[in-house]
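Enquirer: only geometry, no sequence info:
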Ligand SMILES: Nc1ncnc2c1ncn2[C@@H]1O[C@H](COP(=O)(O)OP(=O)(O)OP(=O)(O)O)[C@@H](O)[C@H]1O
Ligand SMILES: [Mg+2]
């Protein structure tokens, strides 16, 4: 459960949400703190300015009336604001002592009070444990004269902190609720995501056990998992087809092997039991046995070749191959048969002298194969042409015959193993030729017209030394 993709996805998602949420809260609180701080300072400044004016005004008025101005003012001011007020300063009139020193200058520590400007600072009043945010405003009776004191308006810092702590608490609560909701939602959503993966896992187990009729969930849309399911389905189809081909190949091989074996056994038994005793008949039987043994040998060799080619366990050499010379060689091998059967047999090299890097023996094997088919199917007195051409980065060897041609439906089938019309053939010639061509980086193409003949073309890439 903890190791499942579903759990890990959900955990990852929630971790991302948590980090995002915490960073947002930190930023929001920070911003809020800055705003409330400057707002508080602004309020304190306004308050200080107003109070300082009021104070100066009433001091001036009461000095005219002979009352103890600052004390009167102080009482009034405290009443007026409800805030705690502090005064720091000198006597209003030299020699007179008023209640101005309610806060000794030393209580402010090394805060520098300015004559013409408001000053904002934090301090803790003596005998008090509460830290305050304060604004000091110079107080003067007449504009432009020396200030006789500073009026300080303050507010507990804790009050400010309380505001953002409350905000942070609420945001944290909202985040927790959001995460809980996201967890439920994502857990549900992730099931949609991981369900096809689990289904695919079950399907792979089935395929591994050799059951190819597995049900693969259809993909939703074109996401990666749908793509994976699609590819997996394709792979299963190919595996199943390969399995079917393997089975039919094995059946064909055993069938092909049995036919000559049956003939051999029949003749051997006849000879052993003395059924045939006439020397002529004995020689006939031995000839059949020899021919069938040859056939068996060729069959086994071909099957092995094809198996190696199909398993890509086939080494090809890389050597310089002079195609014109190679074609001369291939042509010569059938010249005698052509003469005997009065076949118009031509070699057309077209002046082309391509030299490529390939495996000469294998190229010759493919061409001989195609030629042997052409000679097998072309009637006496017919026509066979071997052509060489080059261009566009490839060389082409065409074997053209005037045989019966190949029906469209057969044109692909004849390249499959054991498809043969020839009683003495194995049906492995063309499949091997095609696999060889592929192994050499080329291909075999076929054009044919029924009743007129066929053109088998070997195309090879020109790779220079
Ligand atoms: N030039 C051709 N003209 C007409 N039919 C052809 C030609 N070449 C091949 N075929 C058909 O394709 C079949 C398969 O050819 P392939 O070479 O694979 O096997 P094969 O010649 O019958 O046997 P093998 O080559 O193993 O002795 C042939 O049996 C024949 O029916
Ligand atoms: Mg053949």
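Expert: Okay, I see it. All values reported here derive from a predicted model rather than from experimental measurement. Ligands and ions are numbered 1, 2, ... in the order given.
Enquirer: did I read that right, residue 138 in a strand?
Expert: Yes. Counting by DSSP: H, G, I helix; E, B strand; the rest coil, residue 138 is found in a strand.
Enquirer: Around it, how many other residues sit close by?
Expert: 21 (other CB atoms under 10 Å). To be clear about C-beta, it is placed using only N, CA and C from the backbone, and glycine gets the same treatment.
Enquirer: swap in the one 4 residues further on?
Expert: As a burial measure, the neighbour count of residue 142 was computed by other CB under 10 Å and equals 8.
Enquirer: Could you grab the helix/strand/coil label for it?
Expert: coil.
Enquirer: Can you name the residues of the chain that neighbour ligand 2?
Expert: Along the chain, the residues adjacent to ligand 2 under the rule CB under 5 Å from the ion are 373, 429.
Enquirer: Flag every residue of the chain that's near ligand 1.
Expert: 373-374, 377, 401, 403-404, 406, 414, 419-422, 425-430, 454 (CB under 6 Å from any ligand atom).
Enquirer: how about 8 Å then?
Expert: Proximity of the chain to ligand 1 (CB under 8 Å from any ligand atom) is limited to residues 298, 302, 369-370, 372-374, 376-378, 399, 401, 403-406, 410, 414-415, 419-422, 424-433, 448, 453-454, 456.
Enquirer: packing partners for whichever helix or strand residue 14 is part of?
Expert: Using DSSP states H and E, residue 14 sits in helix 5-65. If you count contacts as 3 or more CB pairs under 8 Å, 6 or more residues apart in numbering; DSSP states H and E, helix 5-65 packs onto helix 69-81, strand 119-123, strand 132-139, strand 149-156, helix 157-208.
Enquirer: In ChimeraX, how would I select just the buried ones from the residues of the chain next to ligand 1?
Expert: This is how ChimeraX selects the buried members of those, with burial counted by 16 or more other CB atoms under 10 Å:
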select :302,369,370,372,373,374,377,378,399,401,403,404,405,406,414,415,419,425,426,427,428,429,430,431,432,433,448,453,454,456
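Enquirer: Could you measure from the spatially closest residue to residue 121 that is not a sequence neighbour over to residue 132?
Expert: Leaving aside its sequence neighbours, residue 121 sits nearest to residue 111 (CB to CB, 6 or more residues apart in numbering; 4.7 Å). From residue 111 across to residue 132, the span is 12 Å (CB to CB, to the nearest Å).
Enquirer: Mind checking which of the two has more residues around it?
Expert: Neighbour totals were compared for residue 111 and residue 132, and residue 132 leads with 21 against 17 (other CB under 10 Å).
Enquirer: Is the more buried one in contact with residue 121, as I believe?
Expert: No. Counting by CB atoms under 8 Å, residue 132 stays clear of residue 121, with 9.2 Å between them.
Enquirer: which residues does whatever residue of the chain ends up closest to ligand 2 contact?
Expert: Nearest residue of the chain to ligand 2, counting by CB to the ion: residue 429, 2.7 Å away. By CB atoms under 8 Å, 6 or more residues apart in numbering, the contact list for residue 429 reads 302, 369, 372, 373.
Enquirer: For residue 194, give me its contacts.
Expert: 4, 5, 6, 9 are the contacts of residue 194 under CB under 8 Å, 6+ apart.
Enquirer: quick one: average confidence on the helix holding residue 14?
Expert: Mean per-residue pLDDT for helix 5-65: 85.
Enquirer: and the angle for that helix with strand 149-156?
Expert: 150 degrees (axes from the mean of the first three to the mean of the last three CA atoms, to 10 degrees).
Enquirer: Serialize the helices and strands packed on helix 5-65 to JSON lines and add fields for mean pLDDT.
Expert: As requested, these are exported to JSON lines (pLDDT from 0 to 100):
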{"stretch": "helix 69-81", "mean pLDDT": "52"}
{"stretch": "strand 119-123", "mean pLDDT": "87"}
{"stretch": "strand 132-139", "mean pLDDT": "83"}
{"stretch": "strand 149-156", "mean pLDDT": "78"}
{"stretch": "helix 157-208", "mean pLDDT": "89"}
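Enquirer: could the ones you listed go into JSON lines alongside distance to residue 259?
Expert: Listed next are these as JSON lines, based on distance: least, CB to CB, whole Å:
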{"stretch": "helix 69-81", "distance to residue 259": "119"}
{"stretch": "strand 119-123", "distance to residue 259": "108"}
{"stretch": "strand 132-139", "distance to residue 259": "108"}
{"stretch": "strand 149-156", "distance to residue 259": "109"}
{"stretch": "helix 157-208", "distance to residue 259": "36"}
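Enquirer: on that earlier part again, now that we have the contacts of residue 194, which one has the most neighbours?
Expert: residue 6 (18 neighbours).
Enquirer: what sits against the residue nearest to residue 153 when sequence neighbours are not counted?
Expert: Distances taken as CB to CB, 6+ apart put residue 48 closest to residue 153, at 4.4 Å, once the chain neighbours are dropped. By CB under 8 Å, 6+ apart, the contact set of residue 48 is 118, 135, 136, 137, 151, 152, 153.
Enquirer: Residue 220 too?
Expert: Per CB under 8 Å, 6+ apart, neighbours of residue 220: 196, 226.
Enquirer: now it: how far from residue 186?
Expert: Residue 220 is 18 Å from residue 186, by CB to CB.
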